[in-house]
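>>> Any chance you can model this:
(chains A, B and C)
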Amino acid sequence: MKRLLQPLLSVLLGLALGLGVTALAGENPWTVLKILASGAFGTGYDFGMTLFYATPLVFTGLSVAVAFHAGLFNIGAEGQLTMGALAAAATGAILFRVASPWAPLLAGVAAVLAGTLWGAIPGWLRARRGSHEVINTIMLNFIAAGLANYVTLYLLKNPESQNPETRAVGDGYLLAPFSWLGGAPVGWATPLALVTAAGVGVLLWRTSLGFEIRAVGQNEAAARAAGIATGRVQLLAFALAGGLAGLVGVAEVLGNVGRFRVGFSPEYGFLGIAVALLGRNRPGGILAAALLFGALHKGATSLDMETEHVTRELSLVFQALIILSVSADGLWSWLHRRRSSC
Amino acid sequence: MLIQLIGSTFRVSTPLVFAMLGGLASERAGVVNLALEGMMLFGALGAAVGTLATHSPWLGALCGLGSGVLLAAVYGLVVLRWRANQVVAGMGINMLALGLTPEFCKMLYDQTGRTPAIPLAEHFQAAPMYGAWIGVALAWFVLRFTRPGLWLGFAGEHPGALDAAGISVTRVRWLAVLASGALAGLGGAALSTFSSSFFSRDMAGGRGYMALAALIFGKWRPLPAALACLLFGFTDALQDRLQGVVVWGREPIPVQFIQILPYVVTILVLAGFVGQSRAPKALGVPFERD
Amino acid sequence: MAAAPPAAVELRALSKRFGGVLANADVHLRVAAGTIHGIVGENGAGKSTAMKLLLGLLRPDSGEIFVHGQPCIWASPAAAMARGLGMVHQHFMLAGAYSALDNILLGAEPVRGGMINRRQARTRLELLRQQYGLPVDWDSPVERLPVGVQQRIEILKLLYRDANILILDEPTAVLTPRETAELFANLRRLRNEGKTILLITHKLKEVMAITDQVTVFRAGRVTGERVTANTNPTELARLMVGRDVVLNLAVAPAKPQVGVALEAADLHLAGPAVGGRTRLAQVSLQVRPGEIVGIAGVEGNGQSELLQALLHPRDPRCRTSGTVRCLGQDVTHWEAGRIRELGVALVPEDRHREGLLLERPLRENFLLGWQRRSPFSRGGFLRPSALTSAAAAAVEEYDVRPADLGLAVGRLSGGNQQKLIFAREFQERPRLVIAAQPTRGVDVGAIEFIHRRLVRARDEGAGVLLVSFEIEEILALADRILVLYEGRITAEFARGEVSEAELGLKMGGS
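As a prediction, the model looks like this:
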């Protein structure tokens, strides 16, 4: 119960502060809240869009969480998902003629592999060279962005578009959206996210490898003394984290636009950190947090259109305030303080 | 051509140098500062708004400094008072700045994501460039020869020793974080009133992280880190110059490869392939008296 | 009769409670000016709490503190310092990257024109150095100086601030006997110059050697105050422990079998070490099945390095050359996990750092290291029911309290944590036991249990390697004793072949 309380209160505090900002901007916070809610859940289409934004966040949230359980910070989900999406798009554009059941599978595997590889780099650097993963993953995000730019502009440019994007993938690659969500681009990627979350849960708490990952994260020295190959476990955890982030490519490329667009991600990778943190690094919590952040994102786009003084960036403000308040342990210490006074 | 390139290298690296000094202040005191990016954004907007309102870039820069300090105070509150994880909180601060700055533009100017342009006569010509390097010299002097510098260094190397000497670690770290905000704010001011003449959404564009990389590259020492900023600035300037230039064959040079060079180098440095970089011992560790 | 001069330090009826634990209860302490006063007690007896109260690092719940006759409850450590109190902590408060000079100056820098006046400070330190005979190289980074010199810097730090009451917390733990002798000479000189010294220690021999008076703590209370000349180690030990201490467990002679449980040949570990000591050089040793081999030595003479080299021979950070054979196999290039699976039980030297997942429940700690073995794992998946039944049985057998498998291990006492480690490591009969500091920070009852368990493992045919800083423990348990000094094995004895005094000398390198 107490475990739930801190995230819940953090969400409330974050929302309240964010609404305070809108009040400062001259909007009625109550109206803003209503627009947010109806923008996110008002119609089947709205809810579909909320799910559409939430799906990548589940993948990146899981990615951050798996690394976190191994005691590692994955700030690199953004780069990993970029490589994943790029790989999916490239596969679909190059092997254009592959037909339906195999094509998405092939592109999906490519996305996961690319993400895995991109995740393995900081994992390897940490395990073998001892260099800290935070700066490395940030640098790799920039490198991934640069490489993706290059591939998009020079190797796979879409000649029919002014935008920086790759050629379209073959029709066989596209996952059709579910018809009952008012045309929102939500297809099999969303159930895939649910299954993946369950799989991560089983892996971490029901397998020997999962136990090793958590042991390394809890106490690296003790895990090492117990004979666990800590370097390998860290490398594996980071590769896994990369693969999970790579799955965003499936949702974006196969489930949505059928190509790689430069800058398609509204910081899914960074938001994944917030999702994992808010969800306490548990699959169930991550699903709930991803849904909340998806709703905020969708709701804020409606704010942009339906109010005078509020921009869509407000969703970032809400999300940032939620992150800050959920991470501020000392702010909630009164919740836990019962035993001693010293 | 070369002279021009050197000139633009110094210009381009100016915001980076300021932000790096901000990172230096906080990290040498033992507080990780990923929030430089957000502080720069705040500083950039503050300086633009200040200059537009007062028609003086100097007062504008002061506003930028103040805006940086304001955001740093939020960061300090969250990580020093409430002991949030410094990496997470830093990312949170950056998101906050990324979201709030366009909102402020909307409120103040009813424009989405940018401010009106600052008239040419009212923005800086060269002062920030000199300022940045005076700052580097000052930082070196302060760390090496003055009492605040010594305390700052101990807060990062061995806070327990500082505490045992009767000096409040928390207070030293607070001042360091606020100084960090001031310097990063000036870096932002250089972006909006020196490198360009307006504020636009996400205009820091990762320079905060770059500054941090330069700091690590320079082993957390002012002069080497400033030189790293110059190197990063150079690749930036070079890439600008080579945009669309055809040197070999028929295709223009893919500038992306020059663009990613600093990041690759940073990773190699961190991995110990190119020299070794040792972080302050207590970096990222909240101080607790046992 | 003239009124006695006020004591340098006097604590009256001091009490301090942490949650449910009474760390100090009605503590009275009187330290005469110009004396060396020993404060002894076991781990957790309340010595450190009393000193923290005295220094203003903690505030008492009740009671009074007098310094030179004046009542004072400090608002801050700085206030205590201003009144001439200073402490040399067990873990030095020195920033390794900074020079000795800067470390000493910190917080008391002479400033002129905005700059630290290092020249003035240096002049002053030269004077102190001449007065007390404490030579130090002012300009080299502290991390390059030997441990003994680092300690000297800590003392100079206090003298530089005009401290006249010096508190030293376990100052000899990391010193060689020779460095200890130098320290004691310096302390006597300081006392003769009029300083008052409080020496916190658990080594009774040192108390007898250097103090004028001694106060004994047990379980948060003062159990005795003696003039050193009028007491003896046996009496002090009884006051510390609360009953007569049997320091010697009767251990039957070993019946070593043929064969080799563990063999290391010519182990080296090169590289930078604290204070420039050798890390490991030419270490060769052999443990046969059915015997206990003890590694004796002062802390910091290569014990940790040796353990790491034996357990992780493949890792270049642990071993630069040499070979390791274990239970009939050349394991030099094996991974640690594979070595452990041969039947190696490990009691790590620091159970918090290397033995346990403190925030995780007993159940998971029991699994640590066994997560891929039958019956806890099948096809890569864990079997919670098998784990629960095995853990419950082991926890009962080893009397770990409380026997709650869901409880976070960090909430157990030191002794119970150690018993849990034994329960885990001995769940299959081990063929080689490596036990490092097995009784450090463990209560007396658990010590006896642990010693018996090690002897039983030996009698069941396991080879046992015992690493300990405690001479008594080595002498009582080991069938053969190897002395580790500055990273080398410098002497070897059979059981009964060496006296405590002689072993102590060997540990100091003579």
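
>>> Would you confirm that B:Gly113 contacts B:Phe198?
No: counting by Cβ atoms under 8 Å, B:Phe198 is not a contact partner of B:Gly113; they are 10.6 Å apart. All C-beta spots, glycine's among them, are computed from the backbone N, C-alpha and C.

>>> how about the residues of the stretch 51-200 of chain A near chain B?
Residues of the stretch 51-200 of chain A lying close to chain B (Cβ under 8 Å from any Cβ of the partner chain) are A:73, A:75, A:125, A:129-132, A:134-136, A:138-140, A:142-143, A:146-147, A:149-150, A:153-154.

>>> List buried residues within the residues you listed.
In those, burial by neighbour count holds for A:73, A:75, A:125, A:131-132, A:134-136, A:138-140, A:142-143, A:146-147, A:149-150, A:153, counting by 16 or more other Cβ atoms under 10 Å in any protein chain shown.

>>> Could you count how many residues lie near A:Glu78?
Counted with other Cβ atoms under 10 Å in any protein chain shown, residues neighbouring A:Glu78 total 27.

>>> what does C:Glu193 give?
Neighbour count of C:Glu193, defined by other Cβ under 10 Å: 12.

>>> For it, give its distance to C:Gly69.
Shown here: C:Glu193 relative to C:Gly69, a distance of 21 Å by Cβ to Cβ, to the nearest Å.

>>> C:Val483 too?
The span separating C:Val483 from C:Gly69 equals 49 Å under the rule Cβ to Cβ.

>>> And A:Val151, by the same measure?
In this structure, A:Val151 and C:Gly69 are 81 Å apart, going by Cβ to Cβ.

>>> How about B:Leu183?
Applying Cβ to Cβ, one obtains 51 Å for the distance of B:Leu183 from C:Gly69.

>>> Specify which residue of the two has the higher count of neighbours.
Neighbours were tallied for B:Leu183 and for C:Gly69 using other Cβ under 10 Å; the higher tally belongs to B:Leu183 (32 against 11).

>>> Quick check: chain neighbours aside, which residue is closest to that one?
Residue nearest to B:Leu183 in three dimensions, not counting chain neighbours: B:Gly22, with 3.5 Å by Cβ to Cβ, 6 or more residues apart in numbering or on different chains.

>>> tell me the contacts of the one you found?
With contacts defined as Cβ atoms under 8 Å, 6 or more residues apart in numbering or on different chains, B:Gly22 is in contact with B:33, B:36, B:39, B:68, B:179-185, B:187, B:211.

>>> just curious, which of the residues you listed is nearest to chain C?
Of all the contacts of B:Gly22, the one sitting nearest chain C is B:Ala179; the distance, using Cβ to the nearest Cβ, is 16.6 Å.

>>> Now for the closest one, how many residues are close by?
Counted by other Cβ under 10 Å, the residues lying close to B:Ala179 total 23.

>>> Next one, pLDDT for it please.
At B:Ala179 the predicted local confidence, pLDDT, stands at 98.

>>> Over to C:Glu126?
In the prediction, the pLDDT value recorded for C:Glu126 is 92.

>>> Establish whether the helix or strand encompassing it and chain B are in contact.
C:Glu126 is located in helix C:118-132, with elements delineated by DSSP states H and E. No: for helix C:118-132, no contact with chain B is found by Cβ under 8 Å from any Cβ; the gap never falls below 8.7 Å.

>>> can you give me the offset of the helix or strand containing B:Ile3 from its chain's centre?
Secondary structure assigned from DSSP H and E places B:Ile3 in helix B:2-28. The gap between the average C-alpha position of helix B:2-28 and the chain average comes to 9 Å, counting by Cα atoms, centre = their mean, to the nearest Å.

>>> Please flag which of the contacts of B:Gly22 sit within helices.
Using DSSP state H, the subset of these located in helices is B:Leu36, B:Met39, B:Gly68, B:Ala179, B:Ser180, B:Gly181, B:Ala182, B:Leu183, B:Ala184, B:Gly185, B:Gly187, B:Ala211.

>>> How many neighbouring residues does the residue nearest to the last one when sequence neighbours are not counted have?
Right, B:Ala211. What sits nearest to B:Ala211 in space, not counting adjacent residues and going by Cβ to Cβ, 6+ apart, is B:Ala19, at 3.6 Å. Here the number of neighbours of B:Ala19 (other Cβ under 10 Å) works out to 37.

>>> Okay then, goodbye and thanks.
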